[in-house]
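Q: Model the structure of this input:
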Amino acid sequence: MDELLKERYDLAKDRIVEICTETTVKPDFLDFFQNMAAFLEKTAVILERDEEKLSIEELQKENTELYKELFPQNYTHCYGNPAYAEEKLGEYGRAFTFLYAELRGAIAYAYEKKIWDYTVTAELFLEVYAAFENGELPSVKNVEDMLRSYVNDYCQDMMEQRIAEAVDPQLDFAVRIIMDSDLSDLRYLYRYGEYVSANETGVAEFMNSLSQDEIDSMARTYTEGYRIGFINGRKDITKKKTVNIRYNLGFERMVRAAILQFREMGLEPVIYRHATHAVNKRGNAWIGFVGGNANPQYEYDHRQDQALFMDSDYVKRKLRSMQNAYEKYKDLAAVYGGPACIETFGEEPFAPVSTEGAWALNEAQQKMQVELDNESGQIVNRYIRGDERSFTIIAYPVPEIGNDFPKIFAEIVKINTLDYKQYERIQQTIIETLDTCQWVEIKGKDDNETDLIIHLHELEDVRKQTNFENCVADVNIPVGEVFTSPVLAGTGGILHVKKVYLNGLQFKDLKLVFDCGQVIDYSCANFETEEENRAYIEDNILHHHPKIPMGEFAIGTNTTAYVAAEKYGIADKLPILIAEKMGPHFAVGDTCYSWSEDTPVFNPDGREIIARDNEISILRKEDISMAYYGCHTDITIPYEELGSIRVIDEDGEGTSIIENGRFVLPGTEELNRPFEK
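A: Sure, this is the predicted structure:
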């Protein structure tokens with residue numbers, strides 16, 4: 001360890017211990033400082049200890065102590081709650097709730113033995129504390145400036161560390177836990193420092209009940225999907241040396257098997273934790289390995305904490321830091337193959353509420369965030385080329401889904417391994433019909449107001465070209481969709497879904513109005529006021545773009561998944577990965593081919609999918625900053641809300657693919673069998 005860093009750490013730690021019993025700051029602020037000092041002292045003990053010999057009961061108690069402030073029943077009196085911070089600390093509340101969230105990262109730094117991260121975080125706390133020790137209170141601006149300086153001073157270091165974790169297999173904290181632990185001893189779950197809920201322990205126990213053959217088979221579905229994704233995309237996997245594995249705690253037996261299978265392909269795992277520093281966070285999304293979520297409302301409340309420091313200088317600094325970091329790690333970035341994700345579902349659906357005192361991007365900052373996302377995407381693509389990388393995603397339930405968890409899990413394993421050859425044949429029949437026209441009409445039924453017309457690309461030679469990709473089980477597991485990138489001109493109408501979950505957030509009565517393929521109006525019924533509802537959509541679907549296009553139109557064909565969801569009453573808990581296969585879906589944002597539109601893609605029948613661009617993505621040839629949105633959000637109309645899907649010929653005559661939520665096109669009858677059962 002660097003001696004200077006060790007000295008800084010020791011000084012910070014000793015000062016923090018003193019603060020735990022000091023009363024030199026004014027009473028209004030004393031509780032916050034003593035509370036956070038005690039928290040930092042506790043995490044320092046964890047950082048310094050050797051491999052723990054604690055019992056599982058002691059580890060559970062320690063884990064609960066670290067996270068209990070965030071639990072919903074305690075959150076009303078937590079400084080992480082912006083409303084409570086504002087109530088207790090007045091005009092200083094927003095600064096202190098930001099500080100609280102940044103200090104929470106100390107848990108991760110303690111378990112990973114990241115002494116630099118711990119030290120700079122602790123020093124920030126001490127700097128703010130020192131400003132309140134004097135008789136006169138610092139101004140709010142003074143306090144916020146301290147926080148901004150911290151972000152700006154360490155932006156380069158934090159970006160570099162994050163990018164290194166994403167591409168360097170020698171940074172193997174999680175890999176060592178997975179490969180070296182006795183996975184039958186659930187104490188290993190507490191070595192990460194993540195919150196361990198009943199879901200994580202329940203999944204781990206369930207995994208331990210499966211045979212090695214069953215584990216290997218689950219892993220093989222996942223790793224083969226990744227490998228086949230390269231083959232179907234005509235990309236050379238032999239150029240790649242690393243794969244980024246993302247998973248939820250509890251799946252370690254499957255991940256261990258997957259690591260061994262990836263190594264057979266010549267790929268080493270890179271595994272990193274979801275971001276903890278404000279510099280690296282992306283809204284309330286968790287990207288990396290994750291534990292339980294102690295309180296989704298807390299994450300939602302802090303999704304725009306960057307509003308504290310987002311300005312044009314910060315945008316330039318972060319982009320420069322990212323460019324420098326990727327240049328430093330360019331050789332590792334070049335051999336990075338892309339992510340392989342194990343998602344989970346089954347948690348109680350989360351419907352957020354608006355919290356007073358939370359940071360929120362203003363209009364100017366929203367534009368800066370769009371610029372930052374756009375430029376960041378370009379930098380990443382220069383070093384990790386979109387036309388050379390691939391990915392795969394698979395999803396499994398967690399015990400919170402209900403008492404039928406083992407049965408549901410078995411059902412999902414079945415769905416993930418459906419006969420893709422049968423689906424390939426049926427979907428080919430649908431594609432051949434879709435390729436006979438340039439227009440598709442989608443209508444809802446009953447009180448679903450969907451009424452859309454989709455404009456398809458013109459095919460010059462239907463024998464060699466197609467508009468739709470025949471999606472079997474590779475990058476998007478399970479099987480079950482045909483999709484395209486629509487022509488924006490002529491695409492329009494209303495998309496309506498009565499209830500949908502997007503990126504973990506519930507939307508009620510969501511309506512998007514399209515004109516020339518772009519969203520021009522929108523509404524939902526989550527909040528009492530139209531202003532709140534529109535802001536909710538702007539934050540989480542439009543991502544602050546004034547307009548956003550329809551990047552994808554697809555028809556989901558996995559009726560087996562749909563019926564299973566109905567049977568077990570879990571439709572509202574399924575991830576979009578499965579839900580998008582259970583009806584037609586429409587993605588707003590980039591196309592499915594973003595950053596690799598010039599790479600030819602072919603269906604199993606040998607025909608090339610020519611609908612890889614739209615009028616916006618093609619702008620990359622003139623000005624790449626105009627071509628991408630950095631988001632792709634799928635919205636599915638479930639079969640029970642679906643009236644019809646019809647292809648419309650030049651004479652206005654229609655050929656039905658779906659009527660009243662059932663497949664009626666000759667050759668697709670097999671898809672209705674799950675409904676009959």
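Q: State the three-state secondary structure for Ile453.
A: Secondary structure state of Ile453, per DSSP: H, G, I helix; E, B strand; the rest coil, is strand.
Q: Likewise for Pro138?
A: Assigned by three-state DSSP, the conformation of Pro138 is coil.
Q: Assess the claim that it and Tyr129 are in contact.
A: No. Assessed by CB atoms under 8 Å, Pro138 is found out of contact with Tyr129, at 10.9 Å. (C-beta placed from N, C-alpha, C; glycine too.)
Q: More neighbours: which of these two?
A: Ranked by neighbour count (other CB atoms under 10 Å), Pro138 and Tyr129 place Tyr129 first, with 20 against 17.
Q: Would you mind measuring from that one to Thr21?
A: Tyr129 sits 13 Å away from Thr21, going by CB to CB, to the nearest Å.
Q: right, and Tyr298 touches Asn81 too?
A: Yes. The pair Tyr298 / Asn81 is scored as a contact, 7.2 Å apart, by CB under 8 Å.
Q: what touches both of these two?
A: Tyr75 (CB atoms under 8 Å, 6 or more residues apart in numbering).
Q: Between these two, which is the more surrounded one?
A: Shown here are Tyr298 and Asn81; by other CB under 10 Å, Asn81 has more neighbours (28 against 23).
Q: Quick one: residues contacting the more buried one.
A: Residues counted as contacts of Asn81 (CB under 8 Å, 6+ apart) are Tyr75, Thr97, Tyr298, Asp301, Thr355.
Q: which ones among those are found in helices?
A: Thr97, Tyr298, Asp301 (DSSP state H).
Q: Closest to Asp598 out of those residues?
A: Lowest distance from Asp598 to the ones in helices among the contacts of Asn81 (CB to CB) belongs to Asp301, with 41.7 Å.
Q: Hmm, Gly80 and that closest one touching each other?
A: Yes. With contact defined as CB under 8 Å, Asp301 counts as touching Gly80 (7.4 Å).
Q: what touches both of the two?
A: Thr97.
Q: ok, residues contacting stretch 111-125?
A: With contact meaning CB under 8 Å, 6+ apart, stretch 111-125 is reached by 1, 5-6, 8-9, 12-13, 16, 36-37, 40, 43-44, 46-47, 99, 102-103, 105-106, 108-110, 146-147, 150, 154, 157, 161, 173, 191-193, 273, 276-277.
Q: And Tyr628, how close does it get to Ser321?
A: Tyr628 is 21 Å from Ser321, by CB to CB.
Q: Grab the nearest non-local neighbour of Tyr639.
A: Gly661 (4.1 Å; CB to CB, 6 or more residues apart in numbering).
Q: The one you found: how many residues sit nearby?
A: 19.
Q: show me what contacts it?
A: Neighbouring residues of Gly661 by CB under 8 Å, 6+ apart: Lys445, Tyr639, Glu640, Glu641, Leu642, Gly643.
Q: Just the closest of those residues to Val519, please.
A: Nearest member of these to Val519, counting by CB to CB, is Glu641, at 19.7 Å.
Q: circling back: can you redo the ones in helices among the contacts of Asn81 as JSON lines with distance to Ile555 and pLDDT?
A: Formatted as JSON lines, the ones in helices among the contacts of Asn81 follow (distance: CB to CB, whole Å; pLDDT from 0 to 100):
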{"residue": "Thr97", "distance to Ile555": "45", "pLDDT": "98"}
{"residue": "Tyr298", "distance to Ile555": "38", "pLDDT": "97"}
{"residue": "Asp301", "distance to Ile555": "38", "pLDDT": "97"}
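Q: picking up where we left off before, buried subset of the contacts of Gly661?
A: Among those, the ones that count as buried by 16 or more other CB atoms under 10 Å are Tyr639, Glu641, Leu642, Gly643.
Q: per-domain residue ranges of this structure.
A: Per automatic domain parsing, the domain ranges recorded for the chain read 3-138, 173-383, 419-447+456-491+549-676.
Q: Adding distance to Asn533, write those out as CSV.
A: Output for the domains of the chain, formatted as CSV (distance: least, CB to CB, whole Å):
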stretch, distance to Asn533
domain 3-138, 20
domain 173-383, 10
domain 419-447+456-491+549-676, 16
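Q: Those domains: which one's closest to Glu532?
A: domain 173-383 (5.8 Å).
Q: And that closest one, end to end?
A: 24 Å (CA to CA, to the nearest Å).
Q: where's that domain relative to the chain centroid, distance-wise?
A: 8 Å (CA atoms, centre = their mean, to the nearest Å).
Q: How about the most centrally placed residue in the chain, nearest residue that isn't a chain neighbour?
A: What sits nearest the mean C-alpha location of the chain, by CA atoms, centre = their mean, is Ala285, with 4.9 Å. Among residues not flanking Ala285 along the chain, Asn503 sits closest, at 6.8 Å (CB to CB, 6+ apart).
Q: Same check on Glu458?
A: Gln438 (6.1 Å).
Q: Go ahead and confirm that neighbour touches Ile453.
A: No. Using CB under 8 Å, Gln438 is not in contact with Ile453; the gap is 10.5 Å.
Q: Who has more neighbours out of the two?
A: When neighbours are counted by other CB under 10 Å, Gln438 and Ile453 differ, and Gln438 comes out ahead with 19 against 16.
Q: need the strands for the stretch 301-450 of the chain, in chain order.
A: 336-345, 392-397, 439-444 (DSSP state E, counting those that start in this stretch).
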